[in-house]
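# Provide a 3D model corresponding to the input given below.
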Amino acid sequence: MDTEINQNSIIAHIAGLTDHTRVEFYNILKKSQLVDFVEIIDLDIITAKIIEDNNMETLFAKFEYYSERSKNQDLTQLENKSASAKAKQLEKKMFQYWKVRMEYYINKLSSISNKKIILIGYLSFFKNHRIYLNLNIVTKFFLKVDYIEHAKSIIKHNLENSKNDIINGNFDLNYLNADFLIKKRIQLQTIYSKISYIIMSLTSIINTLELYYQTSIPDVLYYASFIKYDKKIPNMANIIHTYSQEWVAISSILTTSNSKINDNQSISNIEKGINKNNKPYIKLTKEQSKIMNKSGYIYEITTTENFLPFPTKNNVYKYFTVKPIKINRILEINNILIQLKNLGINIEIV
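Below you'll find the predicted structure:
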């Protein structure tokens, strides 16, 4: 949903943090180059404040009342239907109230800060995460976790902090069920990935943000594939990788096109670099050489504003996006290996 949030000072949003990973996030941030010029706004703290608001409490009480009536088997079908419709109206009012208050608090906090803002927490409605505020920024992330360990940490936290509620029967026992928590996490991740959030670990998120504010995205990027696309390269996974140099894109073709090849890292991973004589090279196995000894396509991309630099050990040469890519120009390559040789790349079969 469109939002009235002033996004000029917002440099990133990170969703999917837990209590434990929040602490880890702050620890990593303290050691990063971002620490001196960013300020954190925790959206979950704002949401908690809104939930405790008298107006929201009144709406929520009415919503609960009509929700229960809609399930009451002692009432007529017409009364159940009427109560269900009323509950939906109240849920919509709750969302609208949450939206207005959320926008107000974010704008207020960001306006009094002289630093750039990183939002953490959820920008989706606490009663229904499928209803959300969508920021028009590229740097949107959802924390990648080990689902099983994530579920265990929540269960541990709930057992330690909600003991009395559990004993008194005032606690939803689903939140002690690992399968339920894993399913819920996957659903949340799916919702956010569909609105162009990047699924990454904390360290990778911080590294990417550091690079993004130190690096100018090239005006031209390249993508190679055995598959022909016409106007756009679709995003069939979470991330599409592109490259600042044509030869690097072509030599990475095994990682872009065939899912069976992608699943086999011993085939898709190709050693490439610059040798002592300052000449580019790649090393191929016989199997890799056989696969690449065929035709393919190189795509030139000039609409690059949706790309982020990918953290690498040395120079930044790799860029990625989670959005479909608009194609500027397509070049059909009759033979991948011959094209690499024509570009002056030394090919060694090992």
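# Show me where the chain dips below the pLDDT cut-off.
1, 237-238, 257-267 (pLDDT under 70).
# Domain ranges for it, per the record?
The chain breaks down by automatic domain parsing into domains covering 10-210, 218-349.
# Wait, residue 157 touches residue 19, no?
Yes: here residue 157 reaches residue 19: they are 6.3 Å apart, a contact under CB atoms under 8 Å. Yep, even glycine has a C-beta here, placed from its N, CA and C like the rest.
# of the two, who's got more company?
A direct count of neighbours by other CB atoms under 10 Å for residue 157 and residue 19 places residue 157 higher, at 14 against 11.
# Now do the contacts for that one.
If a contact means CB atoms under 8 Å, 6 or more residues apart in numbering, then residue 157 has 19-20 as its contacts.
# Whichever strand or helix holds it: which residues count as buried?
Assigned by DSSP states H and E, residue 157 belongs to helix 147-161. Neighbour-count burial for helix 147-161, counted by 16 or more other CB atoms under 10 Å, picks out 150-151, 153-154, 158.
# Out of these, which is nearest to residue 331?
residue 150 (44.0 Å; CB to CB).
# Look up which residues are beta-bridged to residue 330.
Judged by DSSP bridges, the bridge partners of residue 330 are residue 299.
# So that it lines up with my notes, have the first residue be 42 from now on.
Renumbered: residue one is now 42, and that last one reads residue 371.
# Tally up the residues packed near it, please.
13.
# tell me the contacts of the spatially most central residue of the chain?
By CA atoms, centre = their mean, the chain has its centre lying nearest to residue 239, at 2.1 Å. Residues near residue 239 by CB under 8 Å, 6+ apart: 181-183, 246, 249, 279-280, 349, 361, 363.
# Buried ones among those?
The neighbour-count test (16+ other CB under 10 Å) marks 181-183, 246, 249, 349, 361, 363 as buried among those.
# Just the ones of these in helices?
246, 249 (DSSP state H).
# May I have the beta-bridge partners of the residue nearest to residue 280 when sequence neighbours are not counted?
Closest residue to residue 280 apart from its sequence neighbours, by CB to CB, 6 or more residues apart in numbering: residue 361 at 4.9 Å. Applying DSSP bridges to residue 361 yields these beta-bridge partners: residue 282, residue 349.
# show me the contacts for residue 361.
Applying CB under 8 Å, 6+ apart, the residues near residue 361 are 239, 280-283, 348-349, 351.
# out of those, which one sits closest to residue 219?
Closest approach to residue 219 among those (CB to CB): residue 239, at 26.2 Å.
# Now do that closest one against residue 116, distance only.
47 Å (CB to CB, to the nearest Å).
# just residue 198 next, same as before
From residue 198 to residue 116 the distance is 38 Å (CB to CB).
# same thing with residue 390?
77 Å.
# Comparing these two, which shows the higher neighbour count?
Legend: neighbour count by other CB under 10 Å for residue 390 and residue 116, higher for residue 116 (14 against 10).
# can you list the residues that contact stretch 112-126?
Taking CB under 8 Å, 6+ apart as the rule, stretch 112-126 contacts 107-108, 110-111.
# mind checking the end-to-end distance for that stretch?
12 Å (CA to CA, to the nearest Å).
# Pull out the buried residues from that stretch.
In stretch 112-126, counting by 16+ other CB under 10 Å, buried: 121, 124.
# what's the answer for stretch 174-184, then?
For stretch 174-184, by 16+ other CB under 10 Å, it's 174, 176, 179-184.
# next one: stretch 240-254
Here stretch 240-254 shows 240-241, 243, 246-250, 252-254 as buried, counting by 16+ other CB under 10 Å.
# For these, please prepare a markdown table with the additional fields distance to residue 90.
Listed next are the buried residues of stretch 240-254 as a markdown table, based on distance: CB to CB, whole Å:
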| residue | distance to residue 90 |
| --- | --- |
| 240 | 28 |
| 241 | 28 |
| 243 | 25 |
| 246 | 26 |
| 247 | 27 |
| 248 | 32 |
| 249 | 30 |
| 250 | 27 |
| 252 | 34 |
| 253 | 30 |
| 254 | 30 |
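# residues touching residue 108, list them.
Contacts of residue 108 by CB under 8 Å, 6+ apart are 124-125, 128.
# What about those, which are in helices?
124-125, 128.
# wait, what's in contact with the spatially closest residue to residue 359 that is not a sequence neighbour?
Nearest non-adjacent residue to residue 359, counting by CB to CB, 6+ apart: residue 351, 4.1 Å away. Residue 351 is in contact with 249, 282, 357, 359-361, counting by CB under 8 Å, 6+ apart.
# Nearest to residue 377 among these?
For these, the nearest to residue 377 is residue 282 (17.1 Å; CB to CB).
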